[in-house]
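**Student:** from the sequence below, what's the structure:
(2 chains)
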There are 2 protein chains.
Amino acid sequence: MSDGQEENTLVVVLAGGQGSRFWPLSRAARPKQFLSISEDGESLIQATVRRIVPLVGEGNVRVVANPSLHGLIQEHVPAAKIVSEPFAKNTAACIGLAAVYAKVESKDRDPVLVVLPADHAIKDEVRLRAALGEAISHARSSDVLVTLGIPPTEANTGYGYIRRGTPIEGRTFKVDRFFEKPSLERAEKYLEEGGYSWNSGMFIWRANIILEAFRMYLPQMHEGLMEIARLLESGAAVDAKVAEIFGSFESISIDFGILEHARNCLVVDAEQFGWNDVGSWTQWAESFQADADKNLIRGDALVIDSTGCVIKSSGRLIAAVGLKDIVVIDTGDALLVVSRDNVQEVRKVVEELKRGNRTELV
Amino acid sequence: MSDGQEENTLVVVLAGGQGSRFWPLSRAARPKQFLSISEDGESLIQATVRRIVPLVGEGNVRVVANPSLHGLIQEHVPAAKIVSEPFAKNTAACIGLAAVYAKVESKDRDPVLVVLPADHAIKDEVRLRAALGEAISHARSSDVLVTLGIPPTEANTGYGYIRRGTPIEGRTFKVDRFFEKPSLERAEKYLEEGGYSWNSGMFIWRANIILEAFRMYLPQMHEGLMEIARLLESGAAVDAKVAEIFGSFESISIDFGILEHARNCLVVDAEQFGWNDVGSWTQWAESFQADADKNLIRGDALVIDSTGCVIKSSGRLIAAVGLKDIVVIDTGDALLVVSRDNVQEVRKVVEELKRGNRTELV
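**Tutor:** Reported below is the predicted structural model:
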């Protein structure tokens, strides 16, 4: 703590997503992170910020999102500083931009960045902060890219997997390999083999280290980011120019663009903290206790001879008869009926609606 | 045609049912027979009457129903004469009452009664009338109870079956035996064996012959019916007394109470006339042409990776993803989601709603 430099930690909350697998509740104008999935009415983004503030302080939270969402962000997390993401460009561009802003803002410092999705649910926030603390200390002291890993509890095909390599210390390991969302067979194999963590999408690294990784694995994007850095340092009105450069960036995820290639990746296999990325309706349902027939029912519903169903009414009665593993979500203006096995495909509905120009439902 | 007596044929349209398997479209105040299932807006009861008038004349149609439905009946089939069924008592009591009214009305004549459900769909009405003509001629000339049979096209478990016995003439056979709605295994066996007809619920007999069958197999009900006959012949205001007697009748179907026991039953195995009792949502769907994925879609729906589904929207978008053999019916104020295998169980929803006193949805 000699000069306070090493203590500089910024949280980057990624709030640009739409959560289209959460349709029809999530919409372009009301994405998942601004919805509440708990009974207390706290939105997912509010919970994300509330959980991290004890670790980093209120002034160190940055939220990255498209200008169309800035109003909602100010309303939900007024103390957070907004970084404008001119276009939706997937996580690599978004994280790169945040790193550049953080670097410029911190002058000659090299802040640790804690990158957090805005729309995840977490039950045990003390354990979350403990895991993040472990990750931050590695990121601060070594030139590493740290991912927060979650011990898998089932053969989930909705998450990326990380094969853990050499143990470092505590719950931290070198990353042997990242794997994209697997097939069910593969997911079962991972679970059986052991030694895998789910990729939580929470990343911890210093700004300089992730920018160096951009230089190595996404050199074109790195060049654009450096140009943005120079523009920001000039202090002039640069929004249009930043948008132009950002608009030229490739739309690629940080996992695919960088982490799968980098050799300096660590994973903290966190103690189970009740993580749920609320990435689908079945995952939403898993945040609650199902009934004896394994049905989760919210709102006015009459459920007969049915098991494993998720039923969410919004006022009108839903009668379900003889259903197995079916999800029914009613939002009043639209209705979704999907089999449990296909909840990941709900995004196709949003794509179709966009194609059909049915903007009122997207 | 010497004195016109033999030509006396009355049609008895049974319009007392609610069609609870057709919920949520059918309701107590708007039963199935008053709904239109075709694009032209003609209700099922209107079609039933229109089809039979060329055979018997407009003045010979009687509709049996509860007083609560008389307004709707006058609106839909103004030329028909209404026979009031004081309580819902299943088909035996209803048919017995209609027979008594017909007998009293016809004085010493013994009219042929053509008993027709009000809520069936029929595509080829010329063939229907041909089959009814054959049945009427047997009923007029012999002391028989004739059922119109339908050649089965599949192992349907929603219909009763009739095993045909000795051929009489044309398409008419003695009935060997009536069978209640079978299990799938049994239905498959019937289809494989051959020699079975579906019980259409259309019956043709003389008033005296069916009343004689009541005397033999439902003697208590017969006694009550005879008392009602005496009351009607007295010409006094007898409604309350008739209701009282009718109220004491057993609630039993004509099949179970009489036809399964009678020895003088015939069946006309009608030439296929596109009969559909619209007894469930899948049968409703069968009146229309499904698409290449075997889905039947009506209204605003987005159907992705789904087969064998029936989707009926009423304004709001229904998105269906990854569904197999699921029926989704939206009426705006209620929503039904049921697996194809369970469409017969939709009545349970209505029972549950009644139990829960949710009259607005029943």
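
**Student:** so what's the residue count around the closest residue to A:S251 other than its chain neighbours?
**Tutor:** Taking CB to CB, 6 or more residues apart in numbering or on different chains, and ignoring the residues beside it in sequence, A:S251 has A:N90 as its nearest neighbour in space, at 4.5 Å. Where you see a C-beta, it was placed from the backbone N, CA and C, and this is true even at glycine. The tally of other residues near A:N90 (other CB atoms under 10 Å in any protein chain shown) stands at 18.

**Student:** is it true that A:N90 touches A:F246?
**Tutor:** No. In this structure A:N90 lies outside contact range of A:F246 using CB atoms under 8 Å: 11.8 Å.

**Student:** what sits against the residue nearest to A:S251?
**Tutor:** Counting by CB atoms under 8 Å, 6 or more residues apart in numbering or on different chains, A:N90 makes contact with A:251-253.

**Student:** how about A:G299?
**Tutor:** Neighbours of A:G299 in contact, by CB under 8 Å, 6+ apart: A:311-315, A:318, A:330.

**Student:** do A:T282 as well
**Tutor:** Neighbours of A:T282 in contact, by CB under 8 Å, 6+ apart: A:310, A:327, A:340, A:343.

**Student:** mind doing that once more with 10 Å?
**Tutor:** Each residue near A:T282 by CB atoms under 10 Å, 6 or more residues apart in numbering or on different chains is listed here: A:21, A:156, A:158, A:296, A:308, A:310, A:325, A:327, A:338, A:340-341, A:343-344.

**Student:** swap in A:N8?
**Tutor:** By CB under 10 Å, 6+ apart, A:N8 lies in contact with A:56, A:60, A:102, A:105-106, A:109-113, A:140, A:206-207.

**Student:** the residue nearest to it when sequence neighbours are not counted and chain B: what is the separation?
**Tutor:** Using CB to CB, 6+ apart and skipping residues adjacent in sequence, the residue nearest A:N8 is A:P111, 4.3 Å away. Distance from A:P111 to chain B, counting by CB to the nearest CB, to the nearest Å: 43 Å.

**Student:** pretty sure A:P111 contacts A:I204?
**Tutor:** No. Between A:P111 and A:I204 there is no contact under CB atoms under 10 Å: 11.4 Å.

**Student:** what's the neighbour count on the nearest residue to A:Q18 once chain neighbours are set aside?
**Tutor:** Take A:Q18 and drop its neighbours on the chain: the residue closest to it by CB to CB, 6+ apart is A:P31, 4.8 Å away. By other CB under 10 Å, 25 other residues sit near A:P31.

**Student:** in the stretch 51-200 of chain A, which segments are predicted with low confidence?
**Tutor:** By pLDDT under 70, the weakly predicted segments of the stretch 51-200 of chain A are A:108.

**Student:** relative to chain B, which residue of it is the closest?
**Tutor:** Of all residues in the stretch 51-200 of chain A, A:T157 sits closest to chain B, at 13.6 Å by CB to the nearest CB.

**Student:** how about that residue, secondary structure?
**Tutor:** Judged by DSSP: H, G, I helix; E, B strand; the rest coil, the three-state class of A:T157 is coil.

**Student:** contact residues of the stretch 151-300 of chain A facing chain B?
**Tutor:** By CB under 10 Å from any CB of the partner chain, the residues of the stretch 151-300 of chain A that approach chain B are A:D300.

**Student:** now do the contacts for the closest residue to chain B within the stretch 151-300 of chain A.
**Tutor:** As assessed by CB to the nearest CB, chain B sits closest to A:D300 within the stretch 151-300 of chain A, at 9.3 Å. A:D300 makes contact with A:311, A:313-319, A:330, B:334-335, B:358, B:361, according to CB under 10 Å, 6+ apart.

**Student:** quick one: name whatever helix or strand follows the strand or helix carrying A:C94.
**Tutor:** Using DSSP states H and E, A:C94 sits in helix A:90-105. Heading C-terminal from helix A:90-105, the first helix or strand you meet, by DSSP H and E, is strand A:112-117.

**Student:** what is that following strand packed up against?
**Tutor:** strand A:9-14, helix A:44-56, strand A:61-65, helix A:90-105, helix A:125-141, strand A:145-150, strand A:196-206, helix A:207-217 (3 or more CB pairs under 10 Å, 6 or more residues apart in numbering or on different chains; DSSP states H and E).

**Student:** mind checking how far that strand is from the chain centre?
**Tutor:** Remark: strand A:112-117 is offset 10 Å from the chain centroid, using CA atoms, centre = their mean, to the nearest Å.

**Student:** parallel or antiparallel, list what pairs with that strand.
**Tutor:** Using DSSP bridges, strand A:112-117 pairs in its sheet with strand A:9-14 (parallel), strand A:196-206 (antiparallel).

**Student:** tabulate the CA atom coordinates of it in CSV.
**Tutor:** Below are the C-alpha coordinates for strand A:112-117, written out as CSV (Å, rounded to 0.1, in the frame of the first residue of the first chain):
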residue,chain,number,x,y,z
VAL,A,112,-6.9,-4.7,-12.2
LEU,A,113,-10.2,-5.2,-14.1
VAL,A,114,-12.9,-7.4,-12.7
VAL,A,115,-15.2,-8.2,-15.7
LEU,A,116,-18.7,-9.3,-14.7
PRO,A,117,-21.8,-10.1,-16.7
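
**Student:** just checking, next helix/strand downstream of that strand?
**Tutor:** Using DSSP H and E, the next helix or strand after strand A:112-117 towards the C-terminus is strand A:121-122.

**Student:** who touches that following strand?
**Tutor:** Counting by CB under 10 Å, 6+ apart, A:37-38, A:44, A:47-48, A:51, A:116, A:128-129, A:200, A:202, A:273-278, A:283-284, A:286-287 sit against strand A:121-122.

**Student:** one step back: what would the helices and strands packed on strand A:112-117 look like in a markdown table with distance to B:F179?
**Tutor:** Putting the helices and strands packed on strand A:112-117 into a markdown table (distance: least, CB to CB, whole Å) gives the following:
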| stretch | distance to B:F179 |
| --- | --- |
| strand A:9-14 | 65 |
| helix A:44-56 | 58 |
| strand A:61-65 | 67 |
| helix A:90-105 | 63 |
| helix A:125-141 | 64 |
| strand A:145-150 | 58 |
| strand A:196-206 | 57 |
| helix A:207-217 | 73 |
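
**Student:** out of those, which gets nearest to A:E75?
**Tutor:** Closest to A:E75 of the helices and strands packed on strand A:112-117 is helix A:44-56 (CB to CB; 9.9 Å).

**Student:** so what does the closest one touch, helix or strand wise?
**Tutor:** strand A:9-14, strand A:61-65, helix A:70-76, strand A:112-117, strand A:121-122, helix A:125-141.

**Student:** what angle sits between the first one and helix A:207-217?
**Tutor:** Meaning strand A:9-14. In terms of direction (axes from the mean of the first three to the mean of the last three CA atoms, to 10 degrees), strand A:9-14 departs from helix A:207-217 by 50 degrees.

**Student:** so which residues of the stretch 151-300 of chain A form helices?
**Tutor:** A:184-193, A:207-217, A:219-234, A:239-247, A:254, A:281-286 (DSSP state H, counting those that start in this stretch).

**Student:** and among those helices, the most buried is which?
**Tutor:** Sort the helices of the stretch 151-300 of chain A by mean neighbour count, taking mean count of other CB atoms under 10 Å in any protein chain shown, and helix A:254 sits at the top with a mean of 25.

**Student:** what helices and strands are in contact with that helix?
**Tutor:** helix A:90-105, helix A:207-217.

**Student:** got the CA coordinates for the first one in CSV?
**Tutor:** It refers to helix A:90-105. The C-alpha trace of helix A:90-105 is given here as CSV (Å, rounded to 0.1, in the frame of the first residue of the first chain):
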residue,chain,number,x,y,z
ASN,A,90,-19.8,-9.3,-28.6
THR,A,91,-17.5,-9.5,-25.5
ALA,A,92,-14.0,-9.0,-27.0
ALA,A,93,-14.6,-5.5,-28.4
CYS,A,94,-16.6,-4.6,-25.3
ILE,A,95,-13.9,-5.7,-22.9
GLY,A,96,-11.1,-4.2,-25.0
LEU,A,97,-12.9,-0.8,-25.0
ALA,A,98,-13.4,-1.0,-21.2
ALA,A,99,-9.7,-1.8,-20.8
VAL,A,100,-8.7,1.2,-22.9
TYR,A,101,-11.0,3.6,-20.9
ALA,A,102,-9.7,2.2,-17.6
LYS,A,103,-6.1,2.7,-18.7
VAL,A,104,-6.7,6.2,-19.9
GLU,A,105,-8.7,7.0,-16.7
